[in-house]
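**Q** Need coordinates for the following:
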Amino acid sequence: MLTRALQQIEQATGVVGHKLRNRKRATIRRVLEISRAARSRKLKVSRARLQAGYRRLLAVVRATVHDAERVMAELAEGPRVAIGQRASKMVTRAQAQLAQLLPLVQRVIAQTQARISGGDTHYHDKVFSLFEPHTEAIRKGKASKPTEFGQLVKLQEAEHQFVVDYQVYPRRPDDRSLAIPSVETHQRIFGRPPYLLAADRGFWSPRNKQVAHSAGVTKVCIPAVGKLSAAQRAEQHQRWFRCGQRLRAGCEGRISVMKRRDGLARCRYRGPHGMQRWVGWGVVSNNLWVLITADRPQRKQLP
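**A** Numbers count the residues shown, from 1 in each chain. Sure thing, here's the model as predicted:
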């Protein structure tokens, strides 16, 4: 992407960014070297070849970043030749792209250097995508998808399968911090607290249960974590608790349906605001579908 933006500037100006070296082929060769080293069965040889390949790849990327910084400095001084309006727009667009990409590429260089040289696999504030830098790695422990990339979305469902609230979080929060705000949101929308609060065990904490009861929630249906006391074990075996957990399991089905039918499996908009807008349209689509199909008469079978 850096090379493409530099080529656009060179094409538009003819002077700024002159004598730039196209390093695409060198980058492809380095990536192929890393791929072959990763498939090697000899662990020690593979690791040494991986480190050498990554060092050569980082050298190529650093050289491209240096060229981009030089071009940005030349553009800041002003154009050396007169260019047309169309070319000026192209240069402005490419300049804005370089200003956005350069800090991200430098962060990628730093995190790659820390992983390869220092073995730091938990580098703070990783960049997973240059196109969507807000993307996070979400690990849920699924066998089919141990790691997913995106952003955490909270869907709050009321009776009759209506989604009454949603949130897209820029950073994944602790589930325990979401229980009480969900109760407050329900009270703000409906003017009263919910009769039943059902969630999975990730939302459990003694404080959440106490605050929910103080807010007016009659039944708090969240499985406790750890060794259960006799009172907790008896409560979780009661009929209302089991019914509440079946309701919570239905919420998992609602998430699956909204992924397949309403498009929440993949966001087609860009940026954090685009993610908010896409999830909002998915919620509207779900609620409209529920309204349309709520009172649909059943077809009579012919004898």
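**Q** alpha carbons only for contacts and neighbour counts from here, please
**A** OK.
**Q** domain parsing for this structure?
**A** 2-118, 144-294 (automatic domain parsing).
**Q** Wasn't Ile138 part of a helix?
**A** No - assessed with DSSP: H, G, I helix; E, B strand; the rest coil, Ile138 is strand; it does not lie in a helix.
**Q** who's it bridged to?
**A** Beta-bridge partners for Ile138, by DSSP bridges, are Glu148.
**Q** per-residue pLDDT, it?
**A** With respect to pLDDT, Ile138 scores 83.
**Q** hmm, back to that, adding mean pLDDT, distance to Pro133 and mean neighbour count, write the domains of the chain out as a markdown table.
**A** A markdown table is the format used below for the domains of the chain (pLDDT from 0 to 100; distance: least, Cα to Cα, whole Å; neighbours: other Cα atoms under 10 Å):
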| stretch | mean pLDDT | distance to Pro133 | mean neighbour count |
| --- | --- | --- | --- |
| domain 2-118 | 82 | 8 | 16 |
| domain 144-294 | 90 | 8 | 15 |
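**Q** for those, which one sits closest to Lys126?
**A** Proximity to Lys126 (Cα to Cα) singles out domain 2-118 among the domains of the chain, at 6.9 Å.
**Q** What's the end-to-end length of that closest one?
**A** Using Cα to Cα, to the nearest Å, one end of domain 2-118 lies 27 Å from the other.
**Q** Wait, a strand at Leu155?
**A** Yes - assessed by three-state DSSP, Leu155 belongs to a strand.
**Q** In this structure it contacts Asp165, no?
**A** Yes - between Leu155 and Asp165 there is a contact under Cα atoms under 8 Å: 6.1 Å.
**Q** Throw the domains of the chain into TSV and include distance to His134, thanks.
**A** Formatted as TSV, these follow (distance: least, Cα to Cα, whole Å):
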stretch	distance to His134
domain 2-118	11
domain 144-294	7
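**Q** closest one to Leu130 among those domains?
**A** So among the domains of the chain, domain 2-118 is nearest, using Cα to Cα, at 6.7 Å.
**Q** If we ignore the residues flanking it in sequence, what's nearest Glu235?
**A** Phe241 (7.1 Å; Cα to Cα, 6 or more residues apart in numbering).
**Q** For whichever strand or helix holds that neighbour, report the contacting residues that lie outside it.
**A** Using DSSP states H and E, Phe241 maps to helix 239-260. Contacts to helix 239-260, defined as Cα atoms under 8 Å, 6 or more residues apart in numbering, come from residues 155, 157, 161, 196-200, 221-222, 235-236, 264-266, 282-283, 286.
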